[in-house]
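# attaching a predicted model along with its sequence, questions to come.
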Amino acid sequence: GWACWKAYLGRPETDRPRQLAMNVLGMGLHEVEHYEDALSVQEAELAMRRRAGASAGRILDVQANLAVSYHNLGRLEEASSMQRDVYSGQLKLNGEENRGTLMAANNYAISLTHLKRYAEAKSLLHKMIPVARRVL
């Protein structure tokens, strides 16, 4: 957690161990249900990775973690919006016939159901189920 983060804090933002330490800190805080703290670290991680020129896939991973934190804090609109962004990003990056894209579509549909937007969730799942049958 914090000790790991402090060990790498002085390193450049592009340093892989520093980036991993920040990710581990955010995930650890989330695991012990310190969701506000986890969210703060994850938002900082996203900003750092964008500045450091991280890959689109890595950015999407951090955004997916953020969406979970938003959900756990009851910020359902923000969680759904982030899940939509992750799904859209996965679709552009990997196409629809990709496991990551299918998982992102499922997560987005679940977030829509939390908002009682059942018709949208149903439409998305009806579109993705045949793809999942072909791919999985």
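Noted; the coordinates are in hand. Numbering: from 1, shown residues only.

# distance-wise, check A109 relative to V86.
12 Å (Cβ to Cβ, to the nearest Å). Heads up, the C-betas are built off the backbone N, CA and C, glycines and all.

# buried set for the helix or strand hosting R49?
Element membership for R49 (DSSP states H and E) is helix 35-51. Neighbour-count burial for helix 35-51 flags 35, 37-39, 41-42, 45-46, 48-49 (criterion: 16 or more other Cβ atoms under 10 Å).

# neighbour count winner among A109 and V86?
Neighbours per residue, other Cβ atoms under 10 Å: of A109 and V86, the larger number sits with V86, 27 against 22.

# which pLDDT value goes with that one?
pLDDT for V86: 98.

# repeat for W2
63.

# nearest residue to E36 in space, please, no chain neighbours.
L73 (6.8 Å; Cβ to Cβ, 6 or more residues apart in numbering).

# can you count the residues close to that neighbour?
Neighbours of L73 (other Cβ under 10 Å): 14.

# quick check: phi and psi on it?
Dihedral angles phi and psi of L73 (degrees, to the nearest 10) take the values phi -90, psi 0.

# any idea how far it is from R51?
Going from L73 to R51 by Cβ to Cβ gives 25 Å.

# same check, this time on K6
K6 sits 20 Å away from R51, going by Cβ to Cβ.
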